[in-house]
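A.B. asks: kindly return the folded structure for what I paste below:
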Amino acid sequence: MKVQDGFGTLNTFCTYCQIFECPKTENTALNGRAEQKNTTNERNASLVVDGKDETYGHTEWRGPGQLRVTWWLVEISQKECIRKINIRFKADSEDRKKIPGFSLYISDLKPNGDEYRGSHCYTYTTTDLSGVPGTKFSFTNCTRQGKFVILYNKRDQTMPESDKKIYSKYPHLQLNEVEVYVDKGA
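C.D. replies: Residues are numbered from 1 along each chain as shown. As a prediction, this is how the structure comes out:
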């Protein structure tokens with residue numbers, strides 16, 4: 001949809017509520033349908049959307065190849081205007097090297113192998129592990145319509161030596177909880 005605002009034409013992705021404050025949002029990820037590329041130690045994808053911070057899902061890369069990718073997703077019941085996404089990673093200090101490198105996407109399609117699909121919202125990169133801000137991330141600037149919220153993490157086998165001190169060798173996603181808030185009108 002294109003909108004004239006007096007300054008030119010804007011391409012809009014979402015509803016009126018996305019641009020202006022609307023009081024009603026809902027966490028549509030709660031107890032939703034979740035999937036991940038590989039499950040580690042019975043830490044399945046649904047544990048990330050169960051509403052409990054003490055449980056977590058864990059996926060990690062397995063297999064050959066230069067590019068190492070893993071992913072986790074939650075399916076929204078219908079294509080919705082996503083307003084806010086909260087992500088909580090597992091908080092153990094030894095796991096902090098697994099956080100850098102994750103990317104957030106909103107998509108109408110599930111991942112196809114290691115191929116990234118959808119609209120890119122964010123990629124977390126760092127050059128200093130002490131700069132990892134913690135394990136909680138909140139996104140309000142990722143306002144798009146979509147059916148899937150997807151987190152990817154990747155590692156290149158030819159990673160520079162300096163990055164090996166900051167990033168885990170293999171990509172992991174250890175997630176306590178993901179919340180996806182969508183507009184439900186005023």
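A.B. asks: packing partners for the longest strand seen in the chain?
C.D. replies: If you go by DSSP state E, the chain has its longest strand at strand 67-89. Packing partners of strand 67-89 (3 or more C-beta pairs under 8 Å, 6 or more residues apart in numbering; DSSP states H and E): helix 16-19, strand 33-36, strand 57-60, strand 102-107, strand 136-139, strand 145-156, strand 172-183. Heads up, the C-betas are built off the backbone N, CA and C, glycines and all.
A.B. asks: what about dumping the CA coordinates of the third one to CSV?
C.D. replies: The C-alpha atoms that make up strand 57-60 are tabulated as CSV, following Å, rounded to 0.1, in the frame of the first residue of the first chain:
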residue,chain,number,x,y,z
GLY,A,57,15.3,-24.9,23.3
HIS,A,58,18.7,-25.7,21.7
THR,A,59,19.6,-26.1,18.1
GLU,A,60,23.1,-26.4,16.7
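A.B. asks: what lines up beside that strand in the sheet?
C.D. replies: Strand pairing for strand 57-60, using DSSP bridges, gives strand 172-183 (antiparallel).
A.B. asks: pLDDT score assigned to residue 122?
C.D. replies: The model reports residue 122 with a pLDDT of 92.
A.B. asks: that one: neighbour count?
C.D. replies: Neighbour count of residue 122, defined by other C-beta atoms under 10 Å: 15.
A.B. asks: now residue 108
C.D. replies: 12.
A.B. asks: tell me the contacts of it?
C.D. replies: Shown in contact with residue 108 (C-beta atoms under 8 Å, 6 or more residues apart in numbering): 79, 118, 146, 147, 148.
A.B. asks: list the buried residues for the longest strand of the chain?
C.D. replies: The neighbour-count check on strand 67-89 (16 or more other C-beta atoms under 10 Å) flags 68-76, 80-89 as buried.
A.B. asks: can you check stretch 137-149 too?
C.D. replies: The neighbour-count check on stretch 137-149 (16+ other C-beta under 10 Å) flags 137, 139, 142, 143, 144, 145, 146, 147, 148, 149 as buried.
A.B. asks: please apply the same query to stretch 166-181.
C.D. replies: The neighbour-count check on stretch 166-181 (16+ other C-beta under 10 Å) flags 166-168, 171-181 as buried.
A.B. asks: now that stretch: mean pLDDT?
C.D. replies: On average, stretch 166-181 scores 90.
A.B. asks: thank you, goodbye.
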